[in-house]
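K.L.:
Dropping the sequence and predicted coords here.
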Amino acid sequence: MLKPGDTIGILGGGQLARMMALAAAPLGLKCHIFAPAGDNPAFDVAAQRTEAPYEDEAALAAFAASVAVVTYEFENVPARTAEILSALVPVLPNPQALETTQDRLIEKRFIRAQGLIVPDFEPVDTLEGLYHAVERIGRPSVLKTRRFGYDGKGQAMIRPDTDLAEAWDQIGRTPAILEAFVPFEREVSVVAARSLTGDVVAYDVAENRHAHHILAETILPANITPRLEVEAKDAARRIGAALSYVGVFAVEFFVAGSGEGEQLLVNEIAPRVHNSGHWTLGGAETSQFEQHIRAIAGWPLGSPRRLGRIDMRNLIGSDADQWASLVAEPGLHVHLYGKSESRPGRKMGHITRVTI
Ligand code: AMP
């Protein structure tokens, strides 16, 4: 168990690491951020920083020696980096969670093994394999690289007229899965935390709207039935327990069908704090960032109680230019990530309205 004054190591220097470090401070904990050269807004708010590649073994060893525990803000931590660090210091969530969620094929098989539903899928390793997979799964379907996909990157829609060789080229001819297209009613997610002693708290289910494959807005309460709300939280509990997970994670779902036939399909697991949980800053008794720090520190989890109706919007690219009018709105929770350069599609901040 960490004590006030101890230091938490965080891999990654983006906005998630920044908000984790900001949440650690009121608990008397310090953060040491490790990130490769680049725009690292988390460096601005941390007690210590190391700018080095994730492959720099000497820098990793020095980092490990300076912290009581290591966590991360992104799931693509190289396996070798996690291995080097975990030989020296506890890494939480454990590297097994990384292995499971870094690869869509392993992840989907793992989710199925928990008795949960995923869109039908086939592994694809070659163009010939893609032809076979499309024969079985049908069209429309979605071809996704097994690794390194996010915010719709590394994906190709297979429509009735799509040329399969072109789709295979488009994703870079790399190991992939073909997934049935889900004609979903909405997309929802559960953000949950699991403690060192196995306690789980789940935030209410969030409804997420995307624009150009990037999360645009999160609304709570989600427009789903009480049955699905219970099922979604239960799915998160099962996944957390099966991974012996410690920390915050998110489970994203598609809601498909209607009435009695309405069901949840798991889209993916994020082994980290998640954009669809940003509303908890100001919108819940304990933010997801504080919850994550509590969990990896071995402390009791905080209350996930929601404080009102929630509308969280991401500030993408030039949206953040409106900062002066946003900070003038009474009661609006404004978070600007301190990134040095605004680009189209880049997450620059978020705002949350909480209505009682
Ligand atoms: P992902 O990177 O897998 O989360 O996919 C990004 C977005 O693409 C999702 O949030 C959905 O809006 C859409 N998408 C992904 N997979 C499917 C699918 N099998 N059926 C329908 N839409 C999908």
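P.N.:
Now that the structure is in, tell me what you want to look at.
K.L.:
Can you give the contact residues for stretch 297-304?
P.N.:
Here stretch 297-304 makes contact (CB atoms under 8 Å, 6 or more residues apart in numbering) with 1-2, 6, 8, 27, 29, 69, 193, 195-196, 199, 201-204, 280, 284-286, 290-291, 293-295. Quick note: C-beta positions are derived from backbone N, CA and C, even for glycine.
K.L.:
let me redo that: stretch 137-155
P.N.:
Applying CB under 8 Å, 6+ apart, the contact partners of stretch 137-155 are 76, 102-105, 120-124, 130, 133-134, 156-160, 162, 167-168, 171-172, 174-181, 212-214.
K.L.:
how about the residues of the stretch 251-356 of the chain that lie near the ligand?
P.N.:
Neighbours of the ligand within the stretch 251-356 of the chain, by CB under 6 Å from any ligand atom: 267, 268.
K.L.:
where along the stretch 251-356 of the chain do the strands fall?
P.N.:
Assigned by DSSP state E, counting those that start in this stretch, the strands in the stretch 251-356 of the chain fall at 263-270, 309-316, 333-336, 347-355.
K.L.:
Save the ones you listed as a markdown table, and put in mean neighbour count and mean pLDDT too.
P.N.:
As requested, those are exported to a markdown table (neighbours: other CB atoms under 10 Å; pLDDT from 0 to 100):
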| stretch | mean neighbour count | mean pLDDT |
| --- | --- | --- |
| strand 263-270 | 20 | 97 |
| strand 309-316 | 20 | 98 |
| strand 333-336 | 17 | 98 |
| strand 347-355 | 20 | 98 |
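K.L.:
How about residue 21: what's its closest non-neighbour residue?
P.N.:
Distance criterion CB to CB, 6 or more residues apart in numbering; nearest residue to residue 21, sequence neighbours excluded, is residue 31 at 3.9 Å.
K.L.:
quick one: the one you found from residue 163, how far?
P.N.:
Distance of residue 31 to residue 163, computed by CB to CB, to the nearest Å: 49 Å.
K.L.:
Pick out whichever of the two has more residues nearby.
P.N.:
Between residue 31 and residue 163, counted using other CB atoms under 10 Å, the more crowded position is residue 31 (25 against 10).
K.L.:
got a list of what that one touches?
P.N.:
Under the criterion of CB under 8 Å, 6+ apart, the contact list for residue 31 reads 7-10, 17, 20-21, 24, 42, 45-48.
K.L.:
contact partners of stretch 45-65?
P.N.:
Applying CB under 8 Å, 6+ apart, the contact partners of stretch 45-65 are 7, 9-11, 13, 17-18, 21-22, 25, 30-37, 40, 43, 66, 70, 77-78, 80-81, 84-85, 88-89.
K.L.:
Which of those fall in strands?
P.N.:
Among the contacts of stretch 45-65, the members found in strands (DSSP state E) are 7, 9, 10, 11, 30, 31, 32, 33, 34, 35, 70.
K.L.:
with those residues in mind, which one is nearest to residue 343?
P.N.:
The closest of these to residue 343 turns out to be residue 35 (CB to CB; 18.4 Å).
K.L.:
so what's the nearest residue to residue 93 once chain neighbours are set aside bridging to?
P.N.:
Spatially, and ignoring its direct neighbours in sequence, residue 93 is nearest to residue 247 (4.5 Å; CB to CB, 6+ apart). The bridge-partner assignment for residue 247, based on DSSP bridges, gives residue 194.
K.L.:
State the number of residues packed around residue 259.
P.N.:
Counted with other CB under 10 Å, the neighbours of residue 259 add up to 6.
K.L.:
State the pLDDT value of it.
P.N.:
Looking at residue 259, its pLDDT reads 87.
K.L.:
what about it, distance to the ligand?
P.N.:
According to CB to the nearest ligand atom, to the nearest Å, residue 259 and the ligand sit 21 Å apart.
K.L.:
Smallest gap between the stretch 101-250 of the chain and the ligand, at which residue?
P.N.:
Per CB to the nearest ligand atom, residue 182 is where the stretch 101-250 of the chain lies closest to the ligand, at 3.7 Å.
K.L.:
So that residue, which state does it fall into?
P.N.:
Using DSSP: H, G, I helix; E, B strand; the rest coil, the three-state assignment for residue 182 comes out as coil.
K.L.:
got a list of what it touches?
P.N.:
By CB under 8 Å, 6+ apart, residue 182 lies in contact with 119, 254, 256, 265.
K.L.:
beta partners for residue 214?
P.N.:
Beta bridges link residue 214 to residue 211 when assigned by DSSP bridges.
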